[in-house]
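Q: need a 3D model of the following:
(4 chains)
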Amino acid sequence: MAVILSEEQLMLRESAQTFLADQSPVTRMRELRDAFDDTGYTPEIWKQMADLGWLGILLSEDHGGSDMGVADLGVVLWECGKVLAPEPLVSALLLGANAVRLSGNQTLQKDLLPAVAEGDRIVALALEETARFHPYNVATTFSGGAISGTKIHVLDGHVADQIVVVARTAGNAGDREGLALYLVDADAKGVSITRNRRMDGRNAATVEFDGVEVGADRLLGDADLLDQVIDQATVGLASEMLGTAEEAFERTLQYLKDREQFGEKIGTFQALRHRAAEMFSELEFARSIVRDALSALDEGRADAAVCVSAAKAQASKASRLIGAEAVQMHGGTGMTDEEEIGLFFKRLKAAELSLGDETYHQRRFATLQGY
Amino acid sequence: MAVILSEEQLMLRESAQTFLADQSPVTRMRELRDAFDDTGYTPEIWKQMADLGWLGILLSEDHGGSDMGVADLGVVLWECGKVLAPEPLVSALLLGANAVRLSGNQTLQKDLLPAVAEGDRIVALALEETARFHPYNVATTFSGGAISGTKIHVLDGHVADQIVVVARTAGNAGDREGLALYLVDADAKGVSITRNRRMDGRNAATVEFDGVEVGADRLLGDADLLDQVIDQATVGLASEMLGTAEEAFERTLQYLKDREQFGEKIGTFQALRHRAAEMFSELEFARSIVRDALSALDEGRADAAVCVSAAKAQASKASRLIGAEAVQMHGGTGMTDEEEIGLFFKRLKAAELSLGDETYHQRRFATLQGY
Amino acid sequence: MADLEAFKEEVRAVLAERLPEELRKGNRSDLPHDLLGKWIVEMGDRGWITPDWPTEYGGGGLDREHTAALKAELKKAKAPIVSSFGVSMLGPTLLEYGTEEQKKEFLPQISKNTVRWCQGFSEPGSGSDLASLQCRAEKEGDEYVITGQKIWTTGADRADWIFCLVRTDFDAPKHEGISFILFPMHQEGVKVAPLTLIDGSAHFSQVFFDGARAKVSNVVGPLNGGWTVAKRLLQHERSTDGSSDGGIGGAAKESITDFVKRQVGLENGELADPTIRERLAAHEIDKRALSLTMRRAVEEARAGQRARDIGSLGKFRWANMVKNEQDIAVDSSGSQGLGWEGPGYEDAQIERTKKWLITRADSIWGGTNEIQKNVIAKRVLGIPE
Amino acid sequence: MADLEAFKEEVRAVLAERLPEELRKGNRSDLPHDLLGKWIVEMGDRGWITPDWPTEYGGGGLDREHTAALKAELKKAKAPIVSSFGVSMLGPTLLEYGTEEQKKEFLPQISKNTVRWCQGFSEPGSGSDLASLQCRAEKEGDEYVITGQKIWTTGADRADWIFCLVRTDFDAPKHEGISFILFPMHQEGVKVAPLTLIDGSAHFSQVFFDGARAKVSNVVGPLNGGWTVAKRLLQHERSTDGSSDGGIGGAAKESITDFVKRQVGLENGELADPTIRERLAAHEIDKRALSLTMRRAVEEARAGQRARDIGSLGKFRWANMVKNEQDIAVDSSGSQGLGWEGPGYEDAQIERTKKWLITRADSIWGGTNEIQKNVIAKRVLGIPE
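A: Numbers count the residues shown, from 1 in each chain, chains lettered A, B, ... in the order given. The predicted model follows:
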């Protein structure tokens, strides 16, 4: 179990900090949001992330990667969260390509993963069909060699080259049994993609599959694979949230130290001091529990799923508190689009509601613990 | 709709305040608790309450009462709550005798109610069978003219002369249909009563009915009657809680003004000031919504049940917050049995969990509102 | 003054004859422009825009009773209401503090609705501590030269004039160096920039003064006595505040209950998610309690039953309630609560998401929650500081 | 010093020979009294009660490594541990601040466990502000005459001596007029009264001094320098505090999860009440997060990774966690959570109810939550006051 960073992770963190401070201030995210261009992220930065080796962290050396762990990618995501970098790390690496990596389909792996490591291929995951997260609530069918159904919340689906689709070969929406994951080309016949613009400046897509023909050689796995993919992506997202929450907290703390009202720094007001202490404690809790979940996955601990749900629940709780307090403590300033704290607030909410909110993960935690 | 007190109610309140200040300081409740005598309350005070007309407030003039409303009894309970008077007002008047008053059984009314008004008869309600409140969770049967089953949480059942028993003539535990209320003598053959001592110094009883024979002339009504009785008792209890919470708040407020730490009154600390403002707001909310529920019952408003659940939910919420903060703000002093604030804390918790807690009433509110 | 019943009759007759059917829709933004313009002129000519102001300043000269009767009739007829900063705030303030000259110049324009006003109080650095404002007015002959910045100015882009707080004594304690002054917006030295908020809306502006000019004679109330004037004006503002329970920007089109029912769905007559269900019930109970508390306060005051003042309590609990409603809404939509604009989201979802963002301001504007709690502790509960 | 492995061997041999089977049960209150007494004498004679104290004061004279080895062996053998205020608090303080005379007089008694000590710090009026204590010591010849009251004194009814903070300079600033003094409890002028708490327990006492006497030579550390001595002593106390996660009085017999399962019941493998279920899960997640955070703090310190101190955070979150556990327990029992004593209630229900009451103290004793948050804001987050 590792709740602290290894030497290698400290170095990775430092290099990420240097790169992001130089190339990716929060203003970049704002510009992308306002420009609303075709991608929603910066392809050059994505390529540089590939050069830094980030996109291959999880991949084997055969596939152009460095065979490191989820915890290492978590370090990168943590830093990216601090600067609100909108690159599709969670969506394309941890949700999309990861389904291929973790599958048993070596042909597809050989075909796809080296290009992922190079930053030349974006793979999305098309899973959700209902407003609120429930991974087995899949009605999309795979039948007679073709997929039909409509997927929503396909993160960064608008830029996907290929899409991992969760379809049903048997059973009914809600069943864990009968799910199958297939890899589909985004430009295949019968696939139509509509971009959905989100309040955090990022994008998802609605993807319709209208009798899309898929060969048996495109099968990746079943619900076991899906669970694994979602767990890794969930902790990745929680790591990113941690960075975002941490930065929102530090900025708010600085504001408390700087801002004057009634001739005093507002940080001298005890009510705000006590609330800052509460925020701090939620953040520290989130930090510990997210790092534990990351290492639980890498170590393949038996209780990894429990750790993942605990981590996302706590990261969501911390995000909610810190987001709300950050805006409140920034006062009127925090309500303006110009002040960056609002960008953190929105991103924290988006992350909170993605891949299961606090309640979802509390319930999953309870189920896994047998009550 | 009346959210404020009428002239008559103001007078009733004043006379209650005078009587209780004189006859019923909080020390009386403590002495009763420590003595643990057969009654758990003061029979002389009960008799005086009868003389003041309190026990007949709800009863018609025919039955020796004054034909006033639940809101009027609520005023008395509010004041009794402030001094933690342990007399069986909610248990014997609003749960027990009220089932007779609201029934159609004129013979039993004539027999019983004048004695209730005089303070000569204590009637308890034997309803609950499970740890947590659920009024239709009744397995006790009425079959072949006899009642069999075990009731718990029979408030003040240890001093009851007669007991209203909720039994089932049809259906299963949980069903609303098939319930029937009968009046049984406490000393009838097959009735056995065990006193249960509570942390708030009050008492309940476990009452076993082992084939207790009951004539058809002892039938009071069905689930409609039960609902009516429970609603009235619930708001009565909420009124009492309001008084208890109010007094706990006022004492805590005074403590903030008096207690010195670090050379300053602790009330100067902003964190405590803000929390006092929160407590105050919950209390004011409870006050408004309890008074509204009282008048909704007296006016027979269509949404009375909704008002009742809103009132108990809010009174419970306020009690919980004020109880916890009262102890915390009193610091170490509040942890001692000697300091009276702990008595308020315990009573607030007991009332919170009686007749449905906050969650129970939120759910009932939702059900009644159709969602 | 005319007999009340006769007066009502007269108003009804005028309305029947003069108010076109197309305008009888209450206050809406889509009323026909030309008809509305004509009606406002007619209202102004009759003194009905400011019925209780003296006739010499363009008002209707009505007493409280007749004013109330007029408003009731207008409401019954669903006549559009003319509300403005001039009518509700500056006018009453000028009536109390203005010189005869100021009243003669400005009040008739307001009562005819020919000049639009905006308010220049808040500054980026002042926040809750309004009196710390820094906007400077330096005297040059019979004019003040104004330099500084205002923020949160509603309608600055459409306003003709501004009533503004400026610092005229730079050495005095902060409350004692402020003056209340009037000057035109259409002049060099005044620049208006829209202020975009976190929900993407831009109802407010920032206003920049760089050598704007105001006549010395347009100081309202005593020189350096502007703080008192402004406090009085804000009382007029408060009395019209917080009437809607949807928060900044008003109530949503669909009730929260209906919205959540649609988002979450019902199973056996209960919302399919027990947590959302309890949160919604708790919210609805809270809303009831707040509204009953506000009513009780009014009734207790009327009945002379002594009670603690609940104004500040109402403000902060109202803010929390409004924010909580949008929290429930967005959470009940899950990822569908994250939309910024279509396609892919229901209009009602986008509406709630934007409201979720903008209502964060309800606990900030008009006195933060923190300020309200300070007031409660000190003034209402009497805990010495 | 003996070779470590050889030393361990020696200890094991002693234990094998001397420690009776009946005592090999760890620390329990039901051990046979006579055997326990004998064993304690044996422990004392070997210097094992205070293994790291110098042998001249009755200690074992062991270094840190050997001390740890001894403790490990004792633990392995499930030997009963002798812990007392003398061993854990007064002893280390005397070693640091005591005169040679004081060490010679008091330390051997402690290391043989022949004299029992209690602590007289808190007073009814002092609370979090310990330095505001009022208990007076006035000099008469070579004695101090002590008048005042102490509260929260553990074991006062069984103690032979007390170490006590008293005010010896009545004009100095509050921290500078306090002395740390030792005196016997068995004398006229000392009265002990049990202190009943809201859960009905009486582990603490109030102690009243009315002319109690202490030798001048029994002041520890400088006269009027008692505050520094006491702070140091409290550091010894802290290092043994908060080890159990059940709150004041330790963990309940049955885990919270098992308790709640029994109270609420399972339906389809889920707790039948969804709210209690989520509250329990949230609590269990909290407990994990706290324990991981404490571990991370240790590991970060060891690895030299700079981080903010989490001591105060741990204290207040631990208190909240412990209280929350009992809230969930009592709420899950409904009216059955209201029992004071049988019949009618399960033992486990009564246990939880009493714990619910007594754990309210976890956020008060040992530094209130408010104090912890003050410390975090100032020292940890560095927000200037």
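Q: residues contacting A:Thr336?
A: Contact analysis of A:Thr336 by CB atoms under 8 Å, 6 or more residues apart in numbering or on different chains lists A:342, C:195-198. Every C-beta, even on glycine, is put in place using the N, C-alpha and C of the backbone.
Q: turn the residues you listed into CSV, including distance to B:Leu183 and neighbour count.
A: Output for the contacts of A:Thr336, formatted as CSV (distance: CB to CB, whole Å; neighbours: other CB atoms under 10 Å in any protein chain shown):
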residue, distance to B:Leu183, neighbour count
A:Gly342, 66, 23
C:Leu195, 71, 21
C:Thr196, 71, 14
C:Leu197, 66, 23
C:Ile198, 64, 24
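Q: ok, those vs chain D, which is closest?
A: A:Gly342 (22.7 Å; CB to the nearest CB).
Q: using the three-state scheme, assign that closest one.
A: Classification of A:Gly342 by DSSP: H, G, I helix; E, B strand; the rest coil places it in helix.
Q: ok, it - contacts?
A: A:327, A:334-336, C:198.
Q: ok, the residues you listed vs A:Gly40, which is closest?
A: In terms of CB to CB, no member of the contacts of A:Gly342 lies closer to A:Gly40 than C:Ile198, at 19.4 Å.
Q: contacts for stretch A:296-315, please.
A: Contacts with stretch A:296-315, where a contact means CB under 8 Å, 6+ apart, come from A:1, A:69-71, A:227, A:231-232, A:234-235, A:237-238, A:241-242, A:245, A:282, A:285-286, A:289-290, A:292-293, A:351, A:355-356, A:358, A:361-362, A:364-365, A:368-369, D:281-282, D:284-286, D:288-289.
Q: please check those residues and keep the buried ones.
A: Using 16 or more other CB atoms under 10 Å in any protein chain shown as the burial test, the contacts of stretch A:296-315 include A:69-71, A:227, A:231-232, A:234-235, A:237-238, A:241-242, A:245, A:282, A:285-286, A:289-290, A:292-293, A:351, A:355-356, A:358, A:361-362, A:364-365, A:368, D:281-282, D:284-286, D:288-289 as buried.
Q: which residue ranges of the stretch 101-250 of chain A form strands?
A: A:123-126, A:141-143, A:146-155, A:162-168, A:179-185, A:191-198, A:203-213, A:219-221 (DSSP state E, counting those that start in this stretch).
Q: what do you get for chain C?
A: For chain C, strands defined by DSSP state E occupy the ranges C:117-120, C:136-140, C:143-154, C:161-167, C:178-184, C:190-195, C:204-215, C:219-220, C:266-267, C:270-271, C:339-341.
Q: could I get these as TSV with mean pLDDT?
A: Shown next, in TSV, are these (pLDDT from 0 to 100):
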stretch	mean pLDDT
strand C:117-120	94
strand C:136-140	96
strand C:143-154	95
strand C:161-167	97
strand C:178-184	97
strand C:190-195	96
strand C:204-215	96
strand C:219-220	97
strand C:266-267	96
strand C:270-271	98
strand C:339-341	97
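Q: tell me which of these lies nearest to chain B.
A: Per CB to the nearest CB, nearest to chain B of the strands of chain C: strand C:270-271, 5.1 Å.
Q: domain assignment for chain C?
A: C:4-82, C:117-223, C:243-380 (automatic domain parsing).
Q: nearest to chain D, out of the ones you listed?
A: Closest to chain D of the domains of chain C, according to CB to the nearest CB: domain C:243-380, at 4.2 Å.
Q: which outside residues touch the helix or strand of chain C with the lowest mean pLDDT?
A: Across the helices and strands of chain C, mean pLDDT, DSSP states H and E gives its lowest value to helix C:226-238, namely a mean of 85. Applying CB under 8 Å, 6+ apart, the contact partners of helix C:226-238 are C:88-90, C:92-93, C:96-97, C:121, C:130-131, C:163, C:165-166, C:168, C:175-176, C:178-181, C:219-221, C:366.
Q: name the residues of it that are buried.
A: Buried residues in helix C:226-238 (16+ other CB under 10 Å): C:226-227, C:229-230, C:232-234, C:236.
Q: go on, stretch C:101-117?
A: Neighbour-count burial for stretch C:101-117 [16+ other CB under 10 Å]: C:102-103, C:105-113, C:115-117.
Q: distance to D:Pro54 added to those residues, as TSV?
A: Converted to TSV, the buried residues of stretch C:101-117 look like this (distance: CB to CB, whole Å):
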residue	distance to D:Pro54
C:Gln102	91
C:Lys103	93
C:Glu105	95
C:Phe106	92
C:Leu107	94
C:Pro108	98
C:Gln109	95
C:Ile110	92
C:Ser111	96
C:Lys112	99
C:Asn113	95
C:Val115	93
C:Arg116	89
C:Trp117	86
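Q: and of those residues, the nearest to chain A?
A: C:Trp117 (21.5 Å).
Q: which residues touch that closest one?
A: Neighbours of C:Trp117 in contact, by CB under 8 Å, 6+ apart: C:84-86, C:90, C:110, C:159-163.
Q: what is it paired to in the beta sheet?
A: C:Trp161 (DSSP bridges).
Q: can you give me the helices in the stretch 51-200 of chain A?
A: All helices of the stretch 51-200 of chain A, identified by DSSP state H, counting those that start in this stretch, fall at A:70-82, A:98-101, A:106-118.
Q: what's the closest of those to chain C?
A: helix A:70-82 (16.8 Å).
Q: run the angle between whichever strand or helix holds A:Ala324 and strand C:143-154 for me.
A: Using DSSP states H and E, A:Ala324 sits in helix A:304-334. Using axes from the mean of the first three to the mean of the last three CA atoms, to 10 degrees, one finds that helix A:304-334 and strand C:143-154 are set 150 degrees apart in direction.
Q: how far does helix A:304-334 sit from the chain's center?
A: 15 Å (CA atoms, centre = their mean, to the nearest Å).
Q: who's in contact with residue 32?
A: You didn't say which chain, so I picked chain A. Contacts of A:Leu32 by CB under 8 Å, 6+ apart are A:40-42, A:86, A:201.
Q: my question was about chain C, not that one.
A: C:22-23.
Q: just checking, A:Ala99 touches A:Arg218?
A: No: using CB atoms under 8 Å, A:Ala99 makes no contact with A:Arg218, being 11.6 Å away.
Q: show me which residues of the stretch 1-150 of chain C are close to chain A?
A: Neighbours of chain A within the stretch 1-150 of chain C, by CB under 8 Å from any CB of the partner chain: C:122, C:124-125, C:127-129, C:132.
Q: near chain B, which residues of the stretch 151-300 of chain C?
A: Contacts of the stretch 151-300 of chain C with chain B, taken as CB under 8 Å from any CB, map to C:257, C:260-261, C:266, C:269-271, C:277-278, C:280-282, C:284-286, C:288-290, C:292-293, C:295-296, C:299-300.
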